[in-house]
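**Student:** no sequence on this one, just coordinates:
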Ligand code: NAD
């Protein structure tokens, strides 16, 4: 298969980690008889420096013409970088919001996997961790509280702020379908998270998710209140397969799940629209503190590239090959600084990419 990939290297460690992901993708293409064609666009601080805006319309058009987008990370040091003296709509992160909107990316997937080899990084007790865990947080990305009407006004002499949490049934149905589709590729369990004891939007969420579940008889569905889910994530994370939830709850729970794994440099993510198209990026930022020093962990970006193969290109065997290569390298004791522990072999970003590519 021939696939077109738009590449956004971005800022900070972005270019270093993307180089390693491309190295692994090229090796995978060679092994499995595919060809990947890459086109670079600028986004974030590097686009501000070149064009005065964090993302140009030409760059968006290039991204739209591809089969998928691979992103490193954008942004600089928010205290010292001149990018953060600009108006909010001209700052690096505005590029990310714009590309998500322009590409219609409404479903955000964040796997939280605790690898056996990295159990030491998990802040939970051994008896809670057990054999480790592997869950996927599926978050609605373009609706709910963050996109509802908002205003601040004086009411009866008091400054009063209002945010609106609104979902229609179609917005819920399309993310729910995505959630069940993903569960079919995994352990076939969906935990739908809401606050249906209080919120109307959650009651509609629950009703529509129940309707959608009828088309997926093989998938076990449970409903969980968001406050209980926040507790269960630290009490017994092994119980989860796919957590399906709305925008704000997903924002909070996905960071909690990430923290439970303890290894930021290992966490991949994907944002999908209603076709096979998706944008794939690590969950971490541009780590300006270690940029350009060959210290960054490229594994989250490599695992994001694996998600691209699985979810946008339906290349499950190829994605498995990458995931297994990462596990093998960890099993052999190779570590970047962020996941280093006693007795392991410290390697740099480039060497980690070579090691994974060498095991495809
Ligand atoms: P960060 O995730 O960049 O870094 C947090 C800490 O984790 C740092 O100490 C960093 O060195 C370390 N770290 C992160 N990724 C690592 C990796 N792959 N390997 C080794 N260590 C790693 O978060 P931050 O410092 O709060 O933000 C830095 C910049 O990134 C800011 O401009 C922020 O806005 C931006 N950001 C971008 C994205 C994105 O591009 N999607 C996401 C989050 C933050």
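**Tutor:** Nice, I can see it. Note that the coordinates shown come from a computational prediction; the quantities given were computed from them, not determined experimentally.

**Student:** run through the residues of the stretch 251-360 of the chain sitting next to the ligand.
**Tutor:** 264-265, 281, 284-290, 296-297, 300, 338 (C-beta under 6 Å from any ligand atom). For glycine as for every other residue, the C-beta is placed from the backbone atoms N, C-alpha and C.

**Student:** flag whichever of these scores worst on pLDDT.
**Tutor:** The pLDDT minimum for those sits at residue 264, where the score is 83.

**Student:** isn't that one right next to residue 338, touching?
**Tutor:** Yes - with contact defined as C-beta atoms under 8 Å, residue 264 counts as touching residue 338 (7.0 Å).

**Student:** can you tell me the helix or strand for residue 325?
**Tutor:** helix 316-331 (DSSP states H and E).

**Student:** quick one: name whatever helix or strand follows that helix.
**Tutor:** Following helix 316-331 in sequence, per DSSP H and E, is strand 334-335.

**Student:** show me which residues of the stretch 51-200 of the chain sit near the ligand.
**Tutor:** So the stretch 51-200 of the chain meets the ligand at 73, 74, 75, 76, 78, 93, 96 (C-beta under 6 Å from any ligand atom).

**Student:** which residues does the third one contact?
**Tutor:** For residue 75, the contact set (C-beta atoms under 8 Å, 6 or more residues apart in numbering) comprises 10, 11, 12, 44, 45, 83, 92, 93, 285, 286, 288.

**Student:** could you look up the SS state of the third one?
**Tutor:** Three-state call for residue 12 (DSSP: H, G, I helix; E, B strand; the rest coil): coil.

**Student:** and the spatially closest residue to it that is not a sequence neighbour, how many neighbours?
**Tutor:** In space, and not counting its chain neighbours, residue 12 is closest to residue 286: 2.9 Å by C-beta to C-beta, 6 or more residues apart in numbering. Using other C-beta atoms under 10 Å, residue 286 has 25 other residues around it.

**Student:** domain parsing for the protein?
**Tutor:** Split into domains by automatic domain parsing, the chain comes to 1-113+265-360, 123-261.

**Student:** is it true that residue 162 touches residue 148?
**Tutor:** No - contact criterion C-beta under 8 Å: residue 162 and residue 148 do not qualify, at 9.3 Å.

**Student:** need the winner for burial among the domains of the chain.
**Tutor:** When the domains of the chain are scored by mean count of other C-beta atoms under 10 Å, the highest mean neighbour count falls to domain 1-113+265-360 (a mean of 20).

**Student:** quick check: end-to-end length of it?
**Tutor:** 18 Å (C-alpha to C-alpha, to the nearest Å).

**Student:** show me the contacts for residue 210.
**Tutor:** Residue 210 touches residue 221, counting by C-beta under 8 Å, 6+ apart.

**Student:** I'd say residue 111 and residue 136 touch.
**Tutor:** Yes - in this structure residue 111 lies within contact range of residue 136 using C-beta under 8 Å: 5.1 Å.

**Student:** give me phi/psi at residue 100?
**Tutor:** Main-chain torsions, residue 100, degrees, to the nearest 10: phi -60, psi -40.

**Student:** quick check: the gap between residue 138 and residue 207.
**Tutor:** 18 Å (C-beta to C-beta, to the nearest Å).

**Student:** quick check: bridge partners of residue 108?
**Tutor:** Taking DSSP bridges as the rule, residue 108 bridges to residue 139, residue 271.

**Student:** against the ligand, how distant is it?
**Tutor:** 11 Å (C-beta to the nearest ligand atom, to the nearest Å).

**Student:** so how far is residue 24 from that residue?
**Tutor:** From residue 108 to residue 24 the distance is 23 Å (C-beta to C-beta).

**Student:** on that earlier part again, in strands only, show me the contacts of residue 75.
**Tutor:** The strands, defined by DSSP state E, take in residue 10 from the contacts of residue 75.

**Student:** which residue ranges form the helices in the stretch 1-150 of the chain?
**Tutor:** Assigned by DSSP state H, counting those that start in this stretch, the stretch 1-150 of the chain shows helices spanning 14-32, 45-51, 57-64, 92-102, 126-129.

**Student:** show me the contact partners of stretch 338-358.
**Tutor:** Residues contacting stretch 338-358 (C-beta under 8 Å, 6+ apart): 13, 16-17, 19-21, 23-24, 26-27, 118, 120-121, 263-266, 294-299, 302, 322, 325-326, 329, 332-337.

**Student:** run the last query once more with 6 Å
**Tutor:** 16, 20, 23-24, 27, 118, 120, 263, 265, 294, 296-298, 302, 325-326, 329, 333-336 (C-beta atoms under 6 Å, 6 or more residues apart in numbering).

**Student:** can I get the helices of the stretch 1-150 of the chain in a markdown table with mean pLDDT?
**Tutor:** A markdown table is the format used below for these (pLDDT from 0 to 100):
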| stretch | mean pLDDT |
| --- | --- |
| helix 14-32 | 98 |
| helix 45-51 | 98 |
| helix 57-64 | 98 |
| helix 92-102 | 92 |
| helix 126-129 | 92 |
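
**Student:** redo these as a markdown table? Include distance to residue 156.
**Tutor:** Formatted as a markdown table, the helices of the stretch 1-150 of the chain follow (distance: least, C-beta to C-beta, whole Å):
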| stretch | distance to residue 156 |
| --- | --- |
| helix 14-32 | 49 |
| helix 45-51 | 43 |
| helix 57-64 | 45 |
| helix 92-102 | 35 |
| helix 126-129 | 49 |
